[in-house]
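Visitor: Got a predicted structure here, sequence first:
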Amino acid sequence: MAKKLVIKVTAGADAPERCSQAFTVAAVAAASGVEVSLWLTGESAWFALPGRAAEFQLPHAAPLPDLIEGIQAGGRITLCTQCAARRDITEQDVLDGVRIAGAQLFVQEATADGVQALVY
């Protein structure tokens, strides 16, 4: 059975260490062959937009655009529907490969057999 990891990141520039940890864990897992689903919620929703990850700075942390590229190479990134709506973000606005989906799909992914879910 393939390993699966669902990560929900609720922090953005407002809590940079927690945000970076979520993206780092997701990218390392994807590079290790784990099937990753990263959910952007709350302030991390902004990183679904082109150019926003490049603005993120945290000393001694991997650049967020590099982490996003690694996650997308071996997994999926989803932007929370409600979080997108509160920020007036539409499907036309987001990075290629980022989908917008809601709580029903998150619960389905997080509760599937063989899945480990983490929240940052």
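Guide: The structure has been received and is ready for your questions. Numbers count the residues shown, from 1 in each chain.

Visitor: how many other residues sit next to the nearest residue to Gly97 once chain neighbours are set aside?
Guide: Using C-beta to C-beta, 6 or more residues apart in numbering and skipping the chain neighbours, the partner closest in space to Gly97 is Gln72 (5.1 Å). Glycine gets a C-beta too; all of them are placed from N, C-alpha and C. Residues within reach of Gln72, counting by other C-beta atoms under 10 Å, total 18.

Visitor: Mean confidence (pLDDT) on the host helix or strand of Gln72, please.
Guide: Applying DSSP states H and E as the criterion places Gln72 in helix 64-74. Mean pLDDT, helix 64-74: 97.

Visitor: Tell me the buried residues in it?
Guide: Neighbour counts over helix 64-74 (16 or more other C-beta atoms under 10 Å) mark Leu64, Pro65, Leu67, Ile68, Gly70, Ile71, Gln72, Gly74 as buried.

Visitor: Next secondary structure after that helix?
Guide: Along the chain past helix 64-74, the next helix or strand (assigned with DSSP H and E) turns out to be strand 75-80.

Visitor: Measure how far the following helix or strand past that next one is from the centre of its chain, please.
Guide: Sequence-wise, the next helix or strand downstream of strand 75-80 (DSSP H and E) is helix 81-86. Remark: helix 81-86 is offset 15 Å from the chain centroid, using C-alpha atoms, centre = their mean, to the nearest Å.

Visitor: ditto for stretch 80-93
Guide: Put simply, stretch 80-93 sits 14 Å off its chain's centre (C-alpha atoms, centre = their mean).

Visitor: in that stretch, what counts as buried?
Guide: Neighbour-count burial for stretch 80-93 [16+ other C-beta under 10 Å]: Cys80, Thr81, Cys83, Ala84, Arg87, Ile89.
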